[in-house]
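# the following block contains a protein sequence and its predicted model.
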Amino acid sequence: MSSGTKFRVAICGAGIGGLTTAVALSRYPDIEVEIYEAAEKLAEVGAGIGLFGRPWEVIKKLGLEEDLLRLTDIKPTQAPVPSFRYRKSDRPDGVEFYTLVTNGNLMTFHRPDFQSVLLRRLPPSYRIHCSKRLRSYTQRPGGPITLLFEDGTRSSCDILLGADGVKSAVRRSLLGEKAQWAQSQGNWSEAADITALIEPAWCGTNAYRALIPADRLRQRKPDHRVLTQPTQYLGKNGYIIAYPISHGKMVNFVAFKSQHEMEYSKFNGPWVCPTDKSEFVSTFKHWEPEVQALLDCVEKPLRWAIHTVKPLASFVSGNAAILGDAAHAMTPHQGSGAGQAIEDAFILGTLLGHPRTTRETIARALSIYDHIRRPFALKAQERSRLNGQYFTLCTQEIDFNAVSEHEILSKLKILGQIFTKNWEWAWTTSLGGSVQEATRLLESS
């Protein structure tokens, strides 16, 4: 560590959250950063990523907007714009019932392209170590954090940030540390409650993802709406979302198959794996022709058994903190998982880079991050969970099993209003107030 270094930060995970955190910290040359990635090489898994206005504020503040706009035909705006169209599609003749209008566009990207932009913005001094899966860490008051990796090697840092996803090793050690502390105080029930939060839980829904070449879909159905318009096809126990990416050359396709009664049960089998579309097409067998055209074009889908992290009482322990999916992995039904990781990253970067944050006050800065970000992220997590129920017509507000044909359209429009109200935080609120409050708390301490 050079004499001009304020402290050393280790980031576990080189996904969207970890790399955005690194970019946010790169504004402060007195902070030394190393990134540890479990994979053998940097390669984002997944297809599309969507950002509403809140995380797009961060993109602009970090100077990433120009590079990202080269990757999309969508132009950012503050005006009300139509976003997704909604159809009830679990019938031979689909019913279009709602258009979601948002303040500003949903900016959509191909995930590997987004990762490449972040990587290009990292300073040459930042080192990225691949094939480095964390096994555990230990920390002692006033001393560095020691990192132990699965290959037997060790490293050290002053601050550990876990952006290592839903199966986070940092979360495992962080909560294990908290459980041990509770046990040492004789709080056995509290220790058991903390330990129960370590493992992620299946939400009862599987997502089947694929990229469809636009030309293939155009041959199958030349006027298919998803070639130009993001669309969601809703039905009982499942829904499909599709929208164009990569300058319209590809269509991002995701089919969701839900068993809500299985929430928090154990999923048997690999969480992410290639599969055959026969595993899910039966759910959509009698759906409208537009859906059949999409299904016909799907090749080599990936199955994602969607796992979440149960709501945590803290994202921080001493000089270690978790962010993104490691802290609040959520269902994808509001397209906000990546956006919430980006917000975490910016708040963390702002607090750690502040002149008031020194090696002696790291814990204070991280506690402010926890105070600002955790309540909001957990609320977004729950709102996303509710959208998953609304989109599969499984809602307490409307019993669709009892809705007659002549009132179906009016009930669907009410459903549209319900899920819009549940979702509108994503385009009607701003991160700016949280940044100001975090800075105020730090400066007043």
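Nice, thanks for sending it over. The model shown is predicted, which means the values in this text are computed figures rather than measured ones.

# what's near enough to touch the most centrally placed residue in the chain?
Against the mean C-alpha coordinate of the chain, by CA atoms, centre = their mean, the closest residue is Gly337 at 1.9 Å. Listed by CB atoms under 8 Å, 6 or more residues apart in numbering, the contact set of Gly337 reads Gly324, Asp325, Ala329, Met330, Ser384. C-betas here are computed from N, CA, C, even on glycine.

# in contact with Asp276, which residues are there?
Applying CB under 8 Å, 6+ apart to Asp276 gives the contacts Pro301.

# cool, and Pro289?
Pro92, Gly94, Lys221.

# what's the neighbour count on the residue nearest to the first one when sequence neighbours are not counted?
In this case it means Pro92. Leaving aside its sequence neighbours, Pro92 sits nearest to Glu288 (CB to CB, 6 or more residues apart in numbering; 6.4 Å). For Glu288, the neighbour count with other CB atoms under 10 Å is 19.

# my read: Glu288 touches Lys221, true?
No: using CB atoms under 8 Å, Glu288 makes no contact with Lys221, being 11.7 Å away.

# so how do I select the buried members of the contacts of Gly337 in PyMOL?
Remark: buried members of the contacts of Gly337, expressed as a PyMOL selection using 16 or more other CB atoms under 10 Å:
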select buried, resi 324+325+329+330+384
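
# all the helices of this protein, residue numbers only.
16-25, 53-61, 65-69, 111-120, 169-184, 188-195, 214-220, 289-297, 325-328, 337-353, 362-391, 408-423, 425-428, 432-444 (DSSP state H).

# and the first one, what's buried?
Neighbour counts using 16+ other CB under 10 Å place Ile16, Gly17, Gly18, Leu19, Thr20, Thr21, Ala22, Val23, Ala24, Leu25 of helix 16-25 among the buried residues.

# next, format these as TSV and append distance to Arg359 and pLDDT.
Listed next are the buried residues of helix 16-25 as TSV, based on distance: CB to CB, whole Å; pLDDT from 0 to 100:
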residue	distance to Arg359	pLDDT
Ile16	28	95
Gly17	24	97
Gly18	22	97
Leu19	24	97
Thr20	24	98
Thr21	19	98
Ala22	20	98
Val23	23	98
Ala24	19	98
Leu25	15	98
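
# show me the two of the residues you listed that sit farthest apart.
Ile16 and Leu25 (15.1 Å; CB to CB).

# so where's the protein shaky on pLDDT?
1-3, 44-48 (pLDDT under 70).

# let me see the domain layout of it.
7-76+107-200+310-391+431-444, 201-308 (the TED database).

# for the ones you listed, which one sits closest to Asp399?
Among those, domain 201-308 sits nearest to Asp399 (CB to CB), with 11.8 Å.

# all strands for the stretch 101-250 of the chain, in order.
When secondary structure is read from DSSP state E, counting those that start in this stretch, the stretch 101-250 of the chain shows strands at 107-110, 127-129, 134-139, 145-149, 154-157, 159-162, 201-213, 231-235, 238-245, 250-258.

# if I look at Pro274, how far off is Leu42?
Using CB to CB, to the nearest Å, we find Pro274 at a distance of 21 Å from Leu42.

# neighbour count winner among these two?
The residue with more neighbours, out of Pro274 and Leu42, is Leu42; 16 against 9, by other CB under 10 Å.

# ok, for that one, nearest residue in space, not its chain neighbours?
Counting by CB to CB, 6+ apart, Leu42 lies nearest to Ala14, which is 5.6 Å off, once chain neighbours are set aside.

# ok, how many other residues are close to that neighbour?
28.

# and if you look at Pro55?
24.

# contacts only, for it.
Ala338, Gly339, Gln340, Ile342, Glu343, Leu431.

# what sits against the fourth one?
So the one you mean is Ile342. By CB under 8 Å, 6+ apart, the contact set of Ile342 is Ile16, Gly17, Thr20, Leu51, Pro55, Val58, Ile59.

# which positions within stretch 71-86 qualify as buried?
Leu71, Thr72, Ile74, Pro76, Val81, Ser83, Phe84, Arg85, Tyr86.

# kindly indicate which of these lies nearest Glu150.
Leu71 (34.2 Å).

# surely that closest one touches Thr108?
No: counting by CB under 8 Å, Thr108 is not a contact partner of Leu71; they are 9.6 Å apart.

# just among the contacts of Pro55, which is most surrounded?
For these, neighbours tallied by other CB under 10 Å; top is Ile342, 31 neighbours.

# how near is it to Leu118?
Using CB to CB, Ile342 is found at 10 Å from Leu118.

# swap in Ala191?
Distance from Ala191 to Leu118, by CB to CB: 38 Å.

# likewise for Gly94?
For Gly94 relative to Leu118 (CB to CB), the value is 38 Å.

# sorry, back to before: higher neighbour count, Ala191 and Leu118?
Taking other CB under 10 Å, Ala191 and Leu118 do not tie; Leu118 has more neighbours (23 against 20).

# so that one touches Val23, yeah?
Yes: if you go by CB under 8 Å, Leu118 and Val23 touch, sitting 5.8 Å apart.

# now for these two: what residues contact both?
Leu64.

# burial measure for Lys285, as a count.
Lys285, neighbours per other CB under 10 Å, totals 10.

# kindly report the same for Arg303.
Around Arg303 there are 21 residues (other CB under 10 Å).

# what of Ser246?
For Ser246, using other CB under 10 Å, the count is 20.

# and it, what is it in contact with?
Residues in contact with Ser246 (CB under 8 Å, 6+ apart) are Leu71, His110, Asp113.

# kindly report the same for Trp304.
So Trp304 contacts Asn206, Ala207, Tyr208, Arg209, Trp271, Val272 (CB under 8 Å, 6+ apart).

# over to Trp425?
Going by CB under 8 Å, 6+ apart, the list of residues near Trp425 reads Lys379, Ala380, Arg383.

# pick the one among those residues closest to Asp370.
Nearest to Asp370 out of the contacts of Trp425 is Lys379 (CB to CB; 14.6 Å).
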